[in-house]
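In: Need coordinates for the following:
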Amino acid sequence: MARLKSLPIVQVDWLDAAAASAGWEAAPTVEAEKPHLIHSWGALLRRTKTEIVIITDHDPRFGTVNGGTVIPLGMVKRIKRLGVWRAS
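Out: All right, here's what the predicted structure looks like:
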């Protein structure tokens, strides 16, 4: 991966799939379950027509990243720009 020079810092509010439980449940309990609203923060590495990718860490010595999260755009409720990260 190429060394990064700057990336937008964003907050992403998105809906995550929810599991009612790890075992047997009554049907009404499962029917009542809703997706979970999640708030994620990070550097916006990529945005396409179908997904966004945010990262939490970058090692400039090797041009590598860590803490990547891929979020389908169909699940995104809001992307708020918080600032810009620039390489030192």
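In: Residues in contact with the lowest-mean-pLDDT helix or strand in the chain: which ones?
Out: Least confident helix or strand, the chain: helix 27-32 with a mean of 86, by mean pLDDT, DSSP states H and E. Residues external to helix 27-32 that are found in contact with it (Cβ atoms under 8 Å, 6 or more residues apart in numbering): 20-21. Any C-beta I mention is one placed from the backbone N, CA and C, and that applies to glycine too.
In: Tell me which residues of the helix or strand following that helix come out buried.
Out: With elements assigned by DSSP states H and E, the helix or strand that comes after helix 27-32 is strand 36-47. Neighbour counts over strand 36-47 (16 or more other Cβ atoms under 10 Å) mark 40, 42-45, 47 as buried.
In: Check these against residue 54 and report the nearest one.
Out: residue 42 (3.4 Å; Cβ to Cβ).
In: so who does that closest one touch?
Out: Residues near residue 42 by Cβ under 8 Å, 6+ apart: 9-10, 12, 54-56, 67, 69.
In: Neighbours of the nearest residue to it once chain neighbours are set aside, how many?
Out: Excluding its sequence neighbours, the residue lying closest to residue 42 (Cβ to Cβ, 6 or more residues apart in numbering) is residue 54, at 3.4 Å. Per other Cβ atoms under 10 Å, the neighbour tally for residue 54 reads 24.
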